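**Student:** Task: produce atomic coordinates for the following.
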Amino acid sequence: MGVTGKGKSSEEVPSRCFRYNSPVVQVILIGFICFCCPGMFNALTGMGGGGQVDPDAANNANTALYTTFAVFGILGGGIYNLLGPHLTLFAGCSTYVLYAGSFLYYNHYQNELFAIIAGALLGVGAGLLWAGQGAIMTSYPSEDKKGRYISLFWSIFNVGGVLGGFIPFLSNFQKKAGNVNDSTYIGFMCFMSFGTFLTLALLPAHKVVRNDGTRAGTLKYSNPRTESLEILKLFMNWKMLLLVPASWASNFFYTYQFNNVNGKLFTIRTKGLNNVFYWGAQMLGSIGIGCILDYSSQSKKKRGYTGVGIVALLGTAIWGGGLVNELKYNGKNPNLDFMDSGVSYAGPFVLYFSYGLLDATFQTLVYWMIGALADDSQTLSRYSGFYKGVQSAGAAVAWQLDSRSTSPLTELKINWCLTSISYPLLLILVAFAVHDRRTVAIDFEAGMGKGNGAPKNNMQM
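**Tutor:** Numbers count the residues shown, from 1 in each chain. Reported below is the predicted structural model:
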């Protein structure tokens, strides 16, 4: 048994859900932070090759990024527990600005080394940011609102990708080929800088009060020895091991989708427009699956089964459509433009839109699973860090596979296999690890004799 916060008391404020110290406001804040930093990063990488004609610099920078991300994703939860949200997230977000700046530099000097170093540093920063984000998003909401809050975060976060898609689309509207211009990278840097300073507005878990009066966490900070031991235990935790294939797959497909679908099939201005709809699809997907995971049944276990089933069917259909598209173009560069008439643009556009839908439903499902495994922010920061670490290791391998001229068809088959392997393992996780938590009122008066004046306390099993 673990106490996750104080029992109901005079702090109960059910009618004021938009208090600054409420979970929903804090989730909205972390959503806007990710809107500005990883949201803009997603828009940048979504163009394929970081907006460059030759994707080698971006591939190598992303390999360095996801290699360090794999390490600091796993360590990030422990660092967050030691330093708290302000230092951890501020340090993490600042590295996004440097990364965008490295491509501005590359536009002028074609120096790949700076981009690779910036990518490696961004991997460190992203590990810190996403561990903190995962802890906030999965531990601050009450048990019955986690799906909705994850969807709320995902929607705000992906507005960054939508808006970020407009930046290269508008600033390169007259171009159909070549690199994106300097103003594109400068626009990304401005948003990322704002997001970095917005991290200072977040509240630590012990100051966040839910509507029922319980707090999201305690003030107690951890220590390096405890965090080191707890991180090592994650590699022997059967629940985390069942999540490994889903974690590995969840960013692996970005390389194929960005470089070999959006990057190869479309003109430069159309790539930006496509990203507007790709990240817009993510908003729709996260809202849809979030509602299913919260409302489809009173039983959390049944909701988990339903969620896995829907995502599995959606994924199979979309990857099947991707195979048909890949066989049609077979690595060609047709330079499709949104002004083209007929179905030549429409088919690949709908496919790319569907890939965004699948990404959001898949990742929202995994985050919901993680949130169902624990309640306290310290444990969930470690679980989220483990997820992002394994996810990033998979992404590092994917970017290197692409840089070594692996055929797009082979990449598609690998992605389809990885996501398909994940579904039965997630079903096992639902069966044995997802439970409906019972709130048990412990009446000290009954247990210790009437008249002792001891208060009742609510504890979660």
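**Student:** all contacts plus neighbour counts: C-alpha atoms, from now on.
**Tutor:** Fine.
**Student:** Now do stretch 393-406: everything it contacts.
**Tutor:** 56, 59-60, 62-67, 69-70, 247-249, 251-256, 411 (CA atoms under 8 Å, 6 or more residues apart in numbering).
**Student:** What average pLDDT does it get?
**Tutor:** Per-residue pLDDT over stretch 393-406 has a mean of 87.
**Student:** What's the separation between residue 184 and residue 82?
**Tutor:** 37 Å (CA to CA, to the nearest Å).
**Student:** Mark which of the contacts of stretch 393-406 are part of helices, please.
**Tutor:** 56, 59-60, 62-67, 69-70, 247-249, 251-255, 411 (DSSP state H).
**Student:** mind checking pLDDT for the residue most central in space within the chain?
**Tutor:** With distances taken as CA atoms, centre = their mean, the residue of the chain nearest its centroid is residue 363 (6.7 Å). pLDDT recorded at residue 363 is 93.
**Student:** now residue 346
**Tutor:** 90.
**Student:** On the three-state scheme, it is what?
**Tutor:** Secondary structure of residue 346, reduced to three states by DSSP: H, G, I helix; E, B strand; the rest coil: helix.
**Student:** roughly how far apart are it and residue 266?
**Tutor:** Residue 346 sits 11 Å away from residue 266, going by CA to CA.
**Student:** got it, and residue 88?
**Tutor:** Going from residue 88 to residue 266 by CA to CA gives 38 Å.
**Student:** got the contact list for residue 361?
**Tutor:** Counting by CA under 8 Å, 6+ apart, residue 361 has contacts 282, 285, 286, 288, 289, 311.
**Student:** Heading C-terminal from the helix or strand encompassing it, find the next helix or strand.
**Tutor:** Element membership for residue 361, per DSSP states H and E: helix 343-373. On the C-terminal side of helix 343-373, the closest following helix or strand by DSSP H and E is helix 377-403.
**Student:** In stretch 69-81, which residues are buried?
**Tutor:** Neighbour-count burial for stretch 69-81 flags 69-81 (criterion: 16 or more other CA atoms under 10 Å).
**Student:** again, but for stretch 310-319
**Tutor:** 311, 312, 314, 315, 316, 318, 319.
**Student:** so the fourth one sits right up against residue 357, yeah?
**Tutor:** Same thing as residue 315. No. Here residue 315 lies out of contact with residue 357, judged by CA atoms under 8 Å, at a distance of 9.4 Å.
**Student:** Residue 424 - how many residues pack around it?
**Tutor:** Using other CA atoms under 10 Å, residue 424 has 14 other residues around it.
**Student:** Check which helices and strands the strand or helix carrying it sits against.
**Tutor:** Assessed by DSSP H and E, residue 424 sits inside helix 408-433. Where contact means 3 or more CA pairs under 8 Å, 6 or more residues apart in numbering; DSSP states H and E, helix 408-433 is packed against helix 238-255, helix 300-329.
**Student:** Quick one: mean pLDDT for the first one?
**Tutor:** Averaging pLDDT along helix 238-255 yields 94.
**Student:** Where does pLDDT dip in the stretch 151-300 of the chain?
**Tutor:** Within the stretch 151-300 of the chain, the ranges that satisfy pLDDT under 70 run 168, 171-180, 218-222.
**Student:** now do 80
**Tutor:** 161, 164-181, 216-222, 268, 296-298 (pLDDT under 80).
**Student:** how near is the residue nearest to the centre of the chain to residue 104?
**Tutor:** With CA to CA as the criterion, residue 363 and residue 104 are 31 Å apart.
**Student:** Provide the contact partners of stretch 301-313 at residue level.
**Tutor:** Applying CA under 8 Å, 6+ apart, the contact partners of stretch 301-313 are 289, 292-297, 358, 361-362, 365, 369, 420, 423, 426-427, 430-431, 434-436.
**Student:** Number of residues surrounding the nearest residue to residue 349 once chain neighbours are set aside?
**Tutor:** Leaving aside its sequence neighbours, residue 349 sits nearest to residue 274 (CA to CA, 6 or more residues apart in numbering; 6.9 Å). By other CA under 10 Å, 25 other residues sit near residue 274.
**Student:** list the contacts for residue 274?
**Tutor:** 165, 262, 349, 352, 353.
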